[in-house]
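Participant: Pasted the sequence and its predicted model underneath.
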Amino acid sequence: MSGSNYTITCKKCKAENPSRGKAMTIAMACPTCGTYFCVGQWNKDLINFNFSAEPALPIGSKGKFEGFVYEVIGFAIKQETKYHYRWREYLIFNPMRGYAFLSEYNGHWNFIWPVEEGHRRHKSDTDFFHEGHHYRLYQKYRAQVVYARGEFFFDIVGISDSTVNEEFIAPPFLYAVERDNDSLLWCKGEYITRNEVANAFAISVNKLPHKSGMGYTQPFNAGFKDESLIKFSIFLVFILLALQIFFVKSSTEKVVYEKSFYQTDLGDQKFFVTPTFTLEGASESLEIKIRAPLSNDWLFAEFSLINEDTGNEYIFTKDIEYYFGREGGESWTEGSNSGEAFLSEIPAGKYHINIYPEFSVSNHEFHLSVVRDVASMSNFFITIVGLAIFPIAYFIRKHILEQRRWSDSDYSPYATE
Amino acid sequence: MEMNELKGLRYYIAYAAVVIGFFVYSGVVGWKWFNPTTVEHQRTGGHHVGRSYIYHK
C-alpha cells in the first residue's frame, strides 16, 4: 500500500497527494494544507480544523497484530458532544483483513473491527448476551471530529455528525453500534495494552500516551476466575477442618495431676508444692484448670511449673472471680467459678508445681487439674481469618475497580439516586 | 480446575501453604498463638533462683 503512485488532488490547494488507500479512499485531510474533503463528485463542505495534533502512531507506520501487518492510513480526534471528552482513533488497513481501528483514550487502547450484526440474545435495551459474555450498555453519545489527518474509507466527519453511538462492554471486549436513519454499523473491540501496541509497531512504549485511571474495557486480569478462587477457598476450609478434627481427635487430654487444696493445709508456709508428675510424649500443650466454690468472691494464684531435670521454670498467674445479684427484678452474673491457664510447647519430663495462692475472706479452697495435650480451637479460627484475607481483599479491590470503571458511564450499575 | 487457573492462583496457594503449614506445626507442638496466659520462662539450668528460691527460703 505504501509508495503508491495513485494521487488524490486536494480540492482546496490542488496539491497532488499520494494515496495509500487508492480507490478505496473516500475522504482525505490534505497533508499540504490540512483541509478535510471528500473525494469524487460528492458536494461536501471543505473543513479546516481549528488546531493541529501529532498522532502517536504516524501516518504510514506499520504494526503487526495476530500475524497481520496493518498500516496506519488515517488519524482522527473525536469529541463527545455532551461532556466534551476527547479520544483518538487510528484507521489501520491490511489488504487481507480489511480495515480496523485503534482507539485510544487516556492511554488505554482498543482494537476495533467491523462485524456483522450477528445473533445476540437481548436481555433488555441495555444488556445482551453473546458468545458467553454479558454485555452492558456503557455509553450512548454523539461525537464530532475535531481533527483529522490522512485518509479514510468513509466520510468520517459526516458520519460522526449524523450518527448516535452506543457502546456495550464485557471487559476486555466491547461492541460499538453506529446508527443513523439509514444505516447501522456494528463493530467489535478488544482491550489491548500500551505495551502490546508499542511492540506491534516496534516503538518505545514512552512514545505512546501515558495511562491514566481505569480503561472502560480494561480487564481485571487476576489470572484466575472468581469461581476458581471461591472453590479453592472452600477447599482450604475443608482441609483446615479435617486437620483440626485430626488434632482434636488425636489429643489425649490426659489428666496428669488432680487435687483439692485448702487454706488450712498451708500452715505457716506461703505456697503449696504438688508431688512430682511426669509429662510424656514430645513438646505438647499443658492446661492448668482451677476451680473454686466462689460466691461473690475471687481467688488469685501464682504458679511455677518446675522441670525437675533441667530446673527450667514456667511462671504464670491465674485469677478467677464470680459475682451475682439481682437488679430491677432481673438476675445477673459476672465471671466464673473456674478458669484455665494454657501453656504451649512444654517438653516431656518430670515436673512439680509450686502454687502461691491468695485467698479472700470467704473462700478458703480450690481444686487443681493438670491436663496434658489439649487441642486449641483458637488457632483454627485465626487460620480461617488469615486464609480469608486474600479472597476478601481480592473482591473488595475488584469492586472498587469496577466502580472506577463505571464512574464515567451514564449507565453505571453502581450509580446511586 | 485447569492448570492455568492454578497458575493464576499461585500466590494464594503459596500463602495458604505457609499459613496451613504454620497451623500444622502449632498443632503438633501444642503452641497456642494468642495465649491469654502470660508465661514467664526462667532457665535456671538446675539452679533454683528467682521467685521459687525466695519462697523456699
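Facilitator: Received, thanks. Numbering: from 1, shown residues only, chains lettered A, B, ... in the order given.

Participant: For residue 30, the count of nearby residues, please.
Facilitator: Chain wasn't specified; assuming chain A. In terms of burial, A:Cys30 registers 21 neighbours under the definition other Cβ atoms under 10 Å in any protein chain shown. Using the backbone N, CA and C atoms, a C-beta is placed for each residue, glycine as well.

Participant: Chain B is the one I meant
Facilitator: Burial of B:Gly30 is recorded as 25 neighbouring residues (other Cβ under 10 Å).

Participant: What's the separation between it and A:Pro58?
Facilitator: The spacing between B:Gly30 and A:Pro58, counted by Cβ to Cβ, to the nearest Å, is 71 Å.

Participant: do A:Tyr138 as well
Facilitator: Distance check for A:Tyr138 against A:Pro58: by Cβ to Cβ, it reads 30 Å.

Participant: The two - which one has more neighbours?
Facilitator: Neighbours per residue, other Cβ under 10 Å: of A:Tyr138 and A:Pro58, the larger number sits with A:Tyr138, 25 against 15.

Participant: doesn't the more buried one fall inside a strand?
Facilitator: Yes - residue state for A:Tyr138 (DSSP: H, G, I helix; E, B strand; the rest coil) corresponds to a strand.

Participant: Just list the residues touching it, thanks.
Facilitator: When contacts are counted by Cβ atoms under 8 Å, 6 or more residues apart in numbering or on different chains, A:Tyr138 touches A:167-169, A:174, A:216, A:406, A:409, A:411.

Participant: What pLDDT is listed against it?
Facilitator: Confidence at A:Tyr138, expressed as pLDDT, is 95.

Participant: Check the one 10 residues further on too.
Facilitator: Residue-level confidence at A:Ala148 comes out at 94, pLDDT.

Participant: I'd like to know how far it sits from chain B.
Facilitator: Remark: distance between A:Ala148 and chain B (Cβ to the nearest Cβ, to the nearest Å) = 42 Å.

Participant: in the lengthiest helix in chain B, what's buried?
Facilitator: As assigned by DSSP state H, the longest helix anywhere in chain B is helix B:10-29. Judged by neighbour count using 16 or more other Cβ atoms under 10 Å in any protein chain shown, the buried positions of helix B:10-29 are B:12, B:16, B:19-20, B:22-23, B:26-27.

Participant: list the helices and strands that helix packs on?
Facilitator: Under the contact criterion of 3 or more Cβ pairs under 8 Å, 6 or more residues apart in numbering or on different chains; DSSP states H and E, the helices and strands touching helix B:10-29 comprise helix A:226-250, helix A:378-406.

Participant: Now do the contacts for A:Val197.
Facilitator: Going by Cβ under 8 Å, 6+ apart, the list of residues near A:Val197 reads A:57, A:63, A:102, A:109, A:208.

Participant: do that again at 6 Å, thanks
Facilitator: Residues in contact with A:Val197, defined by Cβ atoms under 6 Å, 6 or more residues apart in numbering or on different chains, are A:Trp109.

Participant: that older thread, now, which of the contacts of A:Tyr138 lie within helices?
Facilitator: By the criterion of DSSP H, membership of the contacts of A:Tyr138 in helices covers A:Trp406.

Participant: who wins for most neighbours among the contacts of A:Tyr138?
Facilitator: A:Ile169 (25 neighbours).

Participant: Leaving out chain neighbours, which residue sits closest to it?
Facilitator: Spatially, and ignoring its direct neighbours in sequence, A:Ile169 is nearest to A:Tyr138 (4.6 Å; Cβ to Cβ, 6 or more residues apart in numbering or on different chains).

Participant: Tell me the buried residues in stretch A:292-305?
Facilitator: Residues of stretch A:292-305 classed as buried by neighbour count (16+ other Cβ under 10 Å): A:292, A:294, A:297-299, A:301-305.

Participant: Is there any residue in that stretch that contacts chain B?
Facilitator: Yes - Stretch A:292-305 is in contact with chain B by Cβ under 6 Å from any Cβ of the partner chain, via A:Ser304.

Participant: next one: that stretch to chain centre, how far?
Facilitator: When distances are taken as Cα atoms, centre = their mean, to the nearest Å, stretch A:292-305 is centred 51 Å away from the chain's centroid.

Participant: What lies in contact with that stretch?
Facilitator: The contact list for stretch A:292-305, computed with Cβ under 6 Å, 6+ apart, reads A:313-323, A:337, A:351, A:353-358, A:360, A:362-363, A:366, B:52.

Participant: residue ranges with poor pLDDT in the stretch 101-250 of chain A?
Facilitator: Low-confidence segments of the stretch 101-250 of chain A, defined by pLDDT under 70, span residues A:118-121, A:123.

Participant: nope, chain B is what I meant
Facilitator: Low-confidence segments of chain B, defined by pLDDT under 70, are located at B:1, B:44-57.

Participant: Apply 50 and report the result again.
Facilitator: Using pLDDT under 50 as the threshold, the predicted model of chain B has low-confidence ranges B:48-57.

Participant: Which residues are in contact with the residue nearest to A:Lys254 when sequence neighbours are not counted?
Facilitator: Of all residues beyond its chain neighbours, the one nearest A:Lys254 is A:Arg372 (4.8 Å), with distances taken as Cβ to Cβ, 6+ apart. When contacts are counted by Cβ under 6 Å, 6+ apart, A:Arg372 is found next to A:254, A:256, A:279, A:286.

Participant: now the strands for the stretch 51-200 of chain A?
Facilitator: For the stretch 51-200 of chain A, the strands defined by DSSP state E, counting those that start in this stretch occupy A:62-65, A:68-80, A:86-94, A:98-105, A:108-115, A:121-124, A:127-130, A:133-141, A:143-152, A:164-170, A:173-179, A:184-192.

Participant: related to what we said a few turns ago, any idea which of the contacts of A:Arg372 is closest to chain B?
Facilitator: Sorting those by distance to chain B puts A:Leu286 at the head of the list, at 7.7 Å, by Cβ to the nearest Cβ.

Participant: Sheet-wise, list the partners of the helix or strand hosting the closest one with their directions.
Facilitator: Using DSSP states H and E, A:Leu286 sits in strand A:284-291. Strands flanking strand A:284-291 in the sheet, each with its direction: strand A:338-346 (antiparallel), strand A:365-372 (antiparallel) (DSSP bridges).

Participant: now these in JSON lines, with distance to A:Tyr70?
Facilitator: Conversion of these to JSON lines gives the following (distance: least, Cβ to Cβ, whole Å):
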{"stretch": "strand A:338-346", "distance to A:Tyr70": "67"}
{"stretch": "strand A:365-372", "distance to A:Tyr70": "76"}
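
Participant: how about those, which one is nearest A:Arg20?
Facilitator: Shortest separation from A:Arg20 across these is recorded for strand A:338-346, at 77.3 Å, computed as Cβ to Cβ.

Participant: after that closest one, next one along is what?
Facilitator: Once the chain leaves strand A:338-346, the next helix or strand it forms, by DSSP H and E, is strand A:349-358.

Participant: Quick check: nearest residue in space to A:Ala76, chain neighbours excluded?
Facilitator: What sits nearest to A:Ala76 in space, not counting adjacent residues and going by Cβ to Cβ, 6+ apart, is A:Ala148, at 4.5 Å.

Participant: Please look at that neighbour and A:Ile73 and confirm they touch.
Facilitator: No - with contacts defined as Cβ atoms under 6 Å, A:Ala148 does not count as touching A:Ile73, sitting 11.4 Å away.
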